[in-house]
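Novice: sequence-free structure coming up:
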């Protein structure tokens, strides 16, 4: 073998080794990218917080609503309480309360939390009180036992299902994971039914809160087959929780809610 052939052989070996090395680097890059994607959290909660909303109807304040999130020892407790104020308190003799309880082990961040129960209570005689219990089968079926208008019912579904109270936290989770998200849907069980809710980005705006103009994402929320719809203005600075909510019926504004207080519960 002459010197030229030897040089050519060495050159070919170097090229082959270089190609193999590049191929290995590329495969490692793909593997690491996939691993990072698979390790992305499936659900993100905001920190434990307490919030207060002013409730307006016909441009008049008629009450307020308080929300408290407490995530501790693998359980999520989300509590809401509304109370009439002003003249409305003379006619409304009820303080509706909502409670959602979910299980979410801290050592399984890739899993979604599982809703265990949902309660809605106004007073002992109110016909729209609700109680819902969720149980999970090994075959992926979710069994729902509920009580509405003093009548028990059961439902089964293979869909991921939530109570209606969870919508703000679900949207918060989605947008914390992907601030560029423009649409998503959830299945909600309420009043003995399973309903599809879809939220869609309408605009990017600003909204004043705590004496500061906050950039917000305005989303339209629609329940399939319903004449009602809502708009929610969500701010990144507040974990994409609503700064404002407007509920419409037959295209007319029915209720407006404005965030007045927001506090993280750092001791929880």
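Specialist: Looks like it came in fine. This is a predicted model, so every value here is computed, not measured.
Novice: what's the residue nearest the centre of the chain in contact with, if anything?
Specialist: Closest to where the C-alpha atoms of the chain average out (Cα atoms, centre = their mean) is residue 170, at 0.7 Å. With contact taken as Cβ atoms under 8 Å, 6 or more residues apart in numbering, residue 170 is in contact with 162, 186. In short, each C-beta sits where N, CA and C put it, glycine included.
Novice: May I have the predicted confidence score for it?
Specialist: Each residue has a pLDDT score; the one for residue 170 is 98.
Novice: go on, residue 142?
Specialist: Confidence at residue 142, expressed as pLDDT, is 97.
Novice: Mind listing the residues bridging to it?
Specialist: With DSSP bridges applied, residue 142 shows beta-bridge pairing to residue 136, residue 157.
Novice: show me where the stretch 151-268 of the chain has strands.
Specialist: Remark: strands assigned in the stretch 151-268 of the chain by DSSP state E, counting those that start in this stretch are 151-157, 161-163, 183-190, 193-209, 212-223, 228-235, 241-249, 252-264.
Novice: Using CSV, lay out these together with distance to residue 95 and mean neighbour count.
Specialist: Compiled in CSV, these are given as follows (distance: least, Cβ to Cβ, whole Å; neighbours: other Cβ atoms under 10 Å):
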stretch, distance to residue 95, mean neighbour count
strand 151-157, 24, 12
strand 161-163, 19, 22
strand 183-190, 20, 17
strand 193-209, 25, 14
strand 212-223, 25, 16
strand 228-235, 22, 20
strand 241-249, 19, 19
strand 252-264, 16, 15
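Novice: Out of those, which is closest to residue 58?
Specialist: Nearest to residue 58 among those is strand 252-264 (8.8 Å), distances taken as Cβ to Cβ.
Novice: what sits up against that closest one?
Specialist: The set of residues external to strand 252-264 that reach it, using Cβ under 8 Å, 6+ apart, is 47-57, 64-65, 209, 228, 238, 241-248.
Novice: partners of that strand, with directions?
Specialist: strand 49-57 (antiparallel), strand 241-249 (antiparallel).
Novice: quick one: the first one to chain centroid distance?
Specialist: Mean C-alpha position of strand 49-57 versus that of the full chain (Cα atoms, centre = their mean, to the nearest Å) differs by 18 Å.
Novice: same question, the last one
Specialist: The offset between the C-alpha centroid of strand 241-249 and the centroid of the whole chain comes to 15 Å, using Cα atoms, centre = their mean.
Novice: how big is the angle separating that strand from strand 212-223?
Specialist: Comparing the axes of strand 241-249 and strand 212-223 via axes from the mean of the first three to the mean of the last three Cα atoms, to 10 degrees yields an angle of 40 degrees.
Novice: What of the first one?
Specialist: Taking the same axes, to 10 degrees, strand 49-57 and strand 212-223 form an angle of 70 degrees between their directions.
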